[in-house]
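>>> model this:
(one chain, ligands or ions: 2)
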Amino acid sequence: MVKYTGKGVYGAVAIGKISVFKKQDFSVKRVHITDTEAEINRVKTAKKAAEEQLHALYEKALREVGETNARIFDIHIMMLDDEDYNESVENIIESQQVNAEYAVAVTADNFAEMFSSMDDAYMQERAADIRDISNRLIANLAGVVSSEISSEDKMIVCADDLAPSETVSLDKDKVLAFVTANGSSNSHTAILARNMNIPAVIGVGGEFLSVVKDGDEAAVDGFTGEVFLNPDEKTKTALEAKRKADEDKKRLLQELKGKENITLDGTRINVFANIGSVDNIGAVLMNDAGGIGLFRSEFLYLENSDYPTEEQQFNAYKRVLESMSGKKVIIRTLDIGADKQVDYFGLKKEENPALGYRAIRICLTRPEIFRTQLRALYRASVYGDLGIMFPMITAVNEVEQILALCGEVKNELKGQGIAYSDSVELGIMIETPAAAIISDKLAPMVDFFSVGTNDLIQYTLACDRQNPDIEDFCDTHHEAVLRLIQTSADNAHKNGAWIGICGELAADTSLTETFLRMGIDELSVSPAYVLKVREAVRRTDLSSRHSCRK
Ligand code: PEP
Ligand code: MG
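Ligands and ions are numbered 1, 2, ... in the order given. The predicted structure is shown next:
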């Protein structure tokens with residue numbers, strides 16, 4: 001038995017036979033041709049066939065992994081249609097009098113190199129997509145249908161790396177696990193594997209691939225990132241037990257899909273999901289979340305090398321709202337500073353950044369940034385049920401300034417004849433003790449509170465959330481924290497506002513009953529925890545003791 005370690009990108013266990021995924025041979029020869037027009041027509045026919053295959057892949061991915069993940073094939077269709085790409089292919093055929101396969105291969109090399117040399121990580125990853133679409137074109141020119149990659153019995157697919165189209169093309173019911181020698185955890189392939197619920201370990205290294213053969217046995221632990229090649233009986237028994245326990249747990253949870261979040265005594269609450277990117281929506285839908293309780297909008301700023309424009313933001317918010325088809329989506333305005341640094345903001349180095357110039361403090365002192373985001377949010381509001389919430393609130397005057405700015409932005413839009421929804425709920429995060437203590441003053445000003453326990457705990461217990469050395473002093477169930485949440489819940493309800501929790505503590509099911517007794521109306525957790533929380537809600541009985549709910 002030999003153990004290899006990579007990065008687990010989907011937590012599950014599989015034991016079975018290996019199938020080494022063989023890429024099709026796309027090596028092409030340079031052939032001199034005389035009829036360039038016929039060669040260009042061959043490219044057009046191959047392109048048409050490739051487009052049809054990509055449409056079919058899009059539909060398959062849509063059914064299996066949701067719209068967000070299927071979009072990669074939309075992007076491939078767009079890339080196939082790219083004017084520069086097609087001009088390059090035709091120019092090479094005409095100027096060099098060469099075959100179409102060769103012209104596509106040269107264009108692929110040039111474009112992939114151009115993408116790889118870009119600074120932006122997202123653009124660098126597009127190099128793999130250019131190769132993917134070019135290989136598809138070449139396969140079609142050669143008369144090989146590349147979208148039908150079939151597999152034998154259920155197997156562990158091992159590869160150097162898998163292109164998104166290869167991952168989706170594999171018959172999901174026949175794949176036990178993915179193991180790749182290379183690949184990054186943010187690649188589309190990793191995202192797809194995660195959303196297909198297939199155990200996956202990436203980056204185990206090239207040596208693994210030089211050793212494995214078809215038919216070898218392996219045990220894959222997607223939780224730890226370990227891959228055991230030809231595992232001994234003891235390892236197999238231990239992993240088999242882990243696999244069974246995990247499957248039993250997941251099966252039980254799956255039965256909760258479509259069911260209500262209702263306690264034994266009939267109290268209903270919302271179980272929503274937290275996301276950091278538009279790409280997470282597939283997981284939100286797969287786990288049957290009732291809405292999005294926290295969209296950390298700062299990802300748009302963190303991913304960019306300059307301030308995202310109003311249009312860029314509008315498109316991202318619109319996509320989230322449309323994908324959620326009328327379910328509530330709460331987008332939190334920019335929360336940078338502290339651990340989330342963005343170079344182009346030019347923030348000064350601070351002695352205590354968690355207590356420094358961050359979140360709403362940046363927005364209120366640099367209103368041009370805030371206005372752009374608010375305009376994008378209000379413009380997107382007509383595409384669904386939007387809530388906007390504001391982070392790191394400590395004082396009434398901050399909320400006054402926010403509300404005034406929202407009013408100004410709405411007036412401006414109205415003046416320009418731009419539509420926005422009148423029913424956008426506005427809320428604030430309760431993540432400082434100050435906000436919780438004055439929640440009686442804040443509640444009448446807003447529609448809802450959302451408790452950010454990650455920060456509320458750090459500020460209440462004076463425990464830096466970034467410092468692993470003080471974890472023992474950071475009692476997440478500390479009475480002071482729970483009392484602040486209770487105070488906030490009471491004040492919210494007294495003033496007709498609702499209250500949710502979106503920090504990590506919302507997923508701590510040992511506290512679900514406590515939160516429900518406090519009167520918490522919504523728990524927003526990572527998509528993978530939605531069903532676990534639903535299960536905890538459904539086994540809670542609030543009738544046995546006095547309930548605090550209003
Ligand atoms: C929180 O503080 O609990 C929260 C949800 O916000 P973040 O983790 O993004 O600071
Ligand atoms: Mg926070």
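
>>> Tell me which residue in the stretch 151-300 of the chain sits closest to ligand 1.
Arg296 (5.4 Å; Cβ to the nearest ligand atom). (C-beta placed from N, C-alpha, C; glycine too.)

>>> if I read this right, that residue contacts Asn280, doesn't it?
No. Under the contact definition of Cβ atoms under 8 Å, Arg296 does not touch Asn280, with a separation of 9.9 Å.

>>> higher neighbour count, these two?
Taking neighbours as other Cβ atoms under 10 Å, Arg296 and Asn280 compare with Asn280 leading, 23 against 19.

>>> isn't the more buried one right up against Ala528?
No. If you go by Cβ under 8 Å, Asn280 and Ala528 don't touch, sitting 10.4 Å apart.

>>> Could you tell me how far the residue nearest to Asp221 when sequence neighbours are not counted is located from ligand 2?
Beyond its immediate neighbours in the sequence, the residue positioned closest to Asp221 (Cβ to Cβ, 6 or more residues apart in numbering) is Val13, lying 5.4 Å away. With distances defined as Cβ to the ion, to the nearest Å, the gap from Val13 to ligand 2 amounts to 34 Å.

>>> count of neighbours near Val13?
Val13 has 24 neighbouring residues, counting by other Cβ under 10 Å.

>>> Repeat that for Phe314.
Residues within reach of Phe314, counting by other Cβ under 10 Å, total 20.

>>> That one belongs to a helix, doesn't it?
Yes. Using DSSP: H, G, I helix; E, B strand; the rest coil, the secondary structure at Phe314 is a helix.

>>> Looks like it contacts Ala380 (just checking).
Yes. With the criterion set as Cβ under 8 Å, Phe314 and Ala380 qualify as a contacting pair; they are 5.4 Å apart.

>>> tell me, what's touching the two both at once?
With contacts taken as Cβ atoms under 8 Å, 6 or more residues apart in numbering, not a single residue reaches both Phe314 and Ala380.

>>> From ligand 2, how far off is the spatially closest residue to the residue of the stretch 151-300 of the chain closest to ligand 1 that is not a sequence neighbour?
Nearest residue to Arg296 in three dimensions, chain neighbours excluded: Gly276, at 4.7 Å (Cβ to Cβ, 6+ apart). Per Cβ to the ion, Gly276 is found 12 Å from ligand 2.

>>> Next, Gly276: phi, psi?
phi -120, psi 0 (degrees, to the nearest 10).

>>> Kindly report the same for Val227.
According to degrees, to the nearest 10, the main-chain angles of Val227 amount to phi -130, psi 120.

>>> Excluding chain neighbours, give the residue nearest to it in space.
Of all residues not flanking Val227 in the chain, Tyr4 sits nearest, at 4.6 Å (Cβ to Cβ, 6+ apart).

>>> And the residue of the stretch 301-450 of the chain closest to ligand 2?
As assessed by Cβ to the ion, ligand 2 sits closest to Glu431 within the stretch 301-450 of the chain, at 4.7 Å.

>>> who's in contact with that residue?
Pro391, Met392, Ile393, Val451, Gly452, Thr453, Asn454, Asp455, Leu456, Tyr459, Gly503 are the contacts of Glu431 under Cβ under 8 Å, 6+ apart.
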